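Enquirer: after the sequence you'll find the predicted model.
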Number of protein chains: 2
Amino acid sequence: MAAEETIRVLVIEDHHVVRQGLVALLNVVDGIEVIGEAADGVDAITQFRKHQPHVTLIDLRMPRLSGVEVIQRIRMETPQARFIVLTTYDGDEDIYRALQAGARAYLLKGMTTEDLVSTIRAVHAGKSHIPPAIAQRLAERMGTEELTPREFDVLEQIVHGRSNKEIASFLDISEATVKTHINSLLGKLGVTDRTQAATAAIQRGIVPLESLRKPKQ
Amino acid sequence: MAAEETIRVLVIEDHHVVRQGLVALLNVVDGIEVIGEAADGVDAITQFRKHQPHVTLIDLRMPRLSGVEVIQRIRMETPQARFIVLTTYDGDEDIYRALQAGARAYLLKGMTTEDLVSTIRAVHAGKSHIPPAIAQRLAERMGTEELTPREFDVLEQIVHGRSNKEIASFLDISEATVKTHINSLLGKLGVTDRTQAATAAIQRGIVPLESLRKPKQ
DNA sequence: GAAGTTCTCAATCGATTGATGGATACAGGG
DNA sequence: CCCTGTATCCATCAATCGATTGAGAACTTC
């Protein structure tokens, strides 16, 4: 199956070095051709429309439009589009959303060339390619309940180190109510106190690490 | 200054894609040549001895031997060696250690090609190149005291969500002692409770995020 | 051996936290 | 309309936490 068809790949990745690395790796592979690149979400959609790639490699963390949003929008107009999600950190909550949005596979940036190439071929052939470890974690997460918006607000404040009193004042509710929300979210996260809730929230990417240094808008 | 001297660069980076990207970017630049690559700390030292590069690009998070250790060991035998630290996340506590160990510059992986090239040239010319934002943060950190080993043990347990009683039992000391250590480390971290201590520890890279999923050996 | 660190422990006390039970509102489905 | 589920809110109370003070033992460093 030498010259069956060249797989046309679009690479969406904001880190210049990583994007260049992907292109350099892929362009020496037989049967794969990088036909476009994008460094942010908006450009990604433009490039997709222009080139209509077979397979799109996409980073999740990007300026302007997140990877998940890009996948959702593109699949609105091109449902058969095939995406492989790239991510640095595998605790990422967004992976789960991306796969729900229709991504077919998932790769860590520490992957080997063989991983990359075989995954691209598999996805182009219509297969999905989720590592067992991720599949299991996804299954676990399916069973767990989603946090309500209010619970999310409270969790965000907990991660930022606010006390119940401060959270109550910030959200303009009573301290007792804050405690109720905390109690609920502790149960949903499967933890027993606020410190565990904070680390779990960071680890799972529910509250992004980047938000910590900022003085909360 | 066209053909003054070709700068010989060694690239130490465990992520295959990133390494490939750096090499691809640098090899098209006039006056810079990548003369070696390494994917882990031990190999890094071997490659350094073999090629004696002018400038070494080095990632901090690596298997076998950390970037900081590599810098320290190489500078033991080659004090004039020049390092540029690469890192993904700029909250990294290790940056500070790397610069103390003798790194001359620091680059985020989201940098542009111009950043990369000009930094390599600057460092090769003997200059240092620390972004103002990092310099300021370093200055701040200089004033703060280091945690003692025991305080670090306790902080690690806090991040893992253990209660004082559990920490006491785990470290085989009394709960009172645990409280003493917590009191000290709260002061040194500049925070007021354990939840803030946990998020600060993660944010600054004092306790690595990867250690969270594991059931604590 | 004097000085400095670190680690250890204790006791007290006010503040914070988390568990529990319960109230209200509001949405479909039957 | 009633029932069920869900999200929001509040109060009480015991357990935990953090601040504070003081002090002895082990280990460096000079």
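Expert: Great, that's in hand.
Enquirer: elements contacting the lengthiest helix in chain A?
Expert: If you go by DSSP state H, chain A has its longest helix at helix A:175-189. On a contact count with 3 or more C-beta pairs under 8 Å, 6 or more residues apart in numbering or on different chains; DSSP states H and E, helix A:175-189 meets helix A:149-159, helix A:164-171, helix A:194-203. For every residue, glycine as well, the C-beta is placed using N, CA and C.
Enquirer: what angle sits between it and helix A:149-159?
Expert: If you take axes from the mean of the first three to the mean of the last three C-alpha atoms, to 10 degrees, helix A:175-189 sits at 90 degrees to helix A:149-159.
Enquirer: pull the residues that contact helix A:175-189.
Expert: A:144-148, A:150-151, A:153-155, A:158, A:164-165, A:167-168, A:171, A:192-194, A:196-197, A:200-201 (C-beta atoms under 8 Å, 6 or more residues apart in numbering or on different chains).
Enquirer: keep only the residues you listed that also lie close to DNA strand D.
Expert: Near DNA strand D, judged by C-beta under 7 Å from any atom of the strand, the entries from these are A:146, A:148, A:150-151, A:171, A:193.
Enquirer: flag every residue of chain A that's near DNA strand C.
Expert: Counting by C-beta under 7 Å from any atom of the strand, the residues of chain A close to DNA strand C are A:163-165, A:175-176, A:179-180, A:182-183, A:186, A:192-195.
Enquirer: what do you get if the cut-off is 6 Å, keeping everything else the same?
Expert: A:163-165, A:179-180, A:182-183, A:186, A:192-194 (C-beta under 6 Å from any atom of the strand).
Enquirer: what parts of chain A come near DNA strand D?
Expert: Proximity of chain A to DNA strand D (C-beta under 6 Å from any atom of the strand) is limited to residues A:148-151, A:173-174, A:176-177, A:179-180.
Enquirer: could I get the helices and strands packed on helix A:175-189 as a markdown table with mean pLDDT and mean neighbour count?
Expert: What follows is those, written out as a markdown table (pLDDT from 0 to 100; neighbours: other C-beta atoms under 10 Å in any protein chain shown):
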| stretch | mean pLDDT | mean neighbour count |
| --- | --- | --- |
| helix A:149-159 | 91 | 20 |
| helix A:164-171 | 90 | 16 |
| helix A:194-203 | 92 | 23 |
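Enquirer: looking at these, which is nearest to B:Ala44?
Expert: helix A:194-203 (29.3 Å; C-beta to C-beta).
Enquirer: show me what the closest one is packed against.
Expert: Using 3+ C-beta pairs under 8 Å, 6+ apart, the elements in contact with helix A:194-203 are helix A:149-159, helix A:175-189, helix B:149-159, helix B:194-203.
Enquirer: so what's the residue nearest in space to the middle of chain A up against?
Expert: Closest residue to the average C-alpha location of chain A: A:Asp94 at 3.0 Å, with C-alpha atoms, centre = their mean. A:Asp94 is in contact with A:60-61, A:66-68, A:87, A:205, counting by C-beta under 8 Å, 6+ apart.
Enquirer: and the longest helix of chain A, C-alpha only, in CSV?
Expert: Taking C-alpha atoms only, helix A:175-189 is exported to CSV below (Å, rounded to 0.1, in the frame of the first residue of the first chain):
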residue,chain,number,x,y,z
GLU,A,175,-21.4,31.5,54.9
ALA,A,176,-23.8,28.6,55.6
THR,A,177,-24.6,28.4,51.9
VAL,A,178,-21.0,28.4,51.0
LYS,A,179,-20.6,25.4,53.3
THR,A,180,-23.4,23.6,51.7
HIS,A,181,-21.9,24.0,48.2
ILE,A,182,-18.6,22.9,49.5
ASN,A,183,-20.2,19.9,51.0
SER,A,184,-21.7,19.0,47.7
LEU,A,185,-18.6,19.5,45.6
LEU,A,186,-16.5,17.6,48.1
GLY,A,187,-18.8,14.6,47.5
LYS,A,188,-18.8,15.1,43.7
LEU,A,189,-15.0,15.3,43.6
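Enquirer: got the domain boundaries for chain A?
Expert: Here the domain assignment for chain A is A:7-141, A:149-212, based on automatic domain parsing.
Enquirer: so which strand or helix has A:Leu57?
Expert: Using DSSP states H and E, the element containing A:Leu57 is strand A:55-59.
Enquirer: ah, wrong one, I meant A:Gln20
Expert: Per DSSP H and E, the secondary structure element for A:Gln20 is helix A:16-26.
Enquirer: mind checking the SS state of A:Pro53?
Expert: In terms of secondary structure, A:Pro53 is coil; the call rests on DSSP: H, G, I helix; E, B strand; the rest coil.
Enquirer: just give me the neighbour total for it.
Expert: When counting by other C-beta atoms under 10 Å in any protein chain shown, one arrives at 23 neighbours for A:Pro53.
Enquirer: next, count neighbours for the nearest residue to it once chain neighbours are set aside.
Expert: Once its chain neighbours are removed from consideration, A:Pro53 has its nearest residue in A:Leu10; the separation is 3.8 Å (C-beta to C-beta, 6 or more residues apart in numbering or on different chains). The burial count assigned to A:Leu10 is 23, neighbours taken as other C-beta under 10 Å.
Enquirer: ok, the helix or strand hosting A:Leu10: who's next to it in the sheet?
Expert: Per DSSP H and E: A:Leu10 is located in strand A:7-12. Strand A:7-12 sits in its sheet next to strand A:32-38 (parallel), strand A:55-59 (parallel), going by DSSP bridges.
Enquirer: extract the C-alpha set from that strand and format it as PDB.
Expert: Included here for strand A:7-12 are C-alpha records, laid out as PDB according to Å, rounded to 0.1, in the frame of the first residue of the first chain:
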ATOM      1  CA  ILE A   7      -2.800  12.000   4.000                       C
ATOM      2  CA  ARG A   8      -3.200  15.700   4.100                       C
ATOM      3  CA  VAL A   9      -2.600  17.000   7.600                       C
ATOM      4  CA  LEU A  10      -3.300  20.400   9.200                       C
ATOM      5  CA  VAL A  11      -1.200  21.300  12.300                       C
ATOM      6  CA  ILE A  12      -2.800  23.700  14.800                       C
END
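Enquirer: next one, pLDDT for A:Asp193 please.
Expert: Note for A:Asp193: predicted pLDDT of 92.
Enquirer: also A:Leu138?
Expert: 72.
Enquirer: try A:Ala3
Expert: With respect to pLDDT, A:Ala3 has a value of 47.
Enquirer: so where's chain A uncertain?
Expert: By pLDDT under 70, the low-scoring segments of chain A are A:1-4, A:90-92, A:139-145, A:213-217.
Enquirer: could you rerun that using 50?
Expert: For chain A, the stretches with pLDDT under 50 are A:1-3, A:214-217.
Enquirer: what residues does chain A put near chain B?
Expert: When proximity is defined as C-beta under 8 Å from any C-beta of the partner chain, chain A approaches chain B at A:14-25, A:88-89, A:91, A:109-113, A:116, A:158-161, A:163, A:191-196, A:198-199, A:202-203, A:209, A:212-213.
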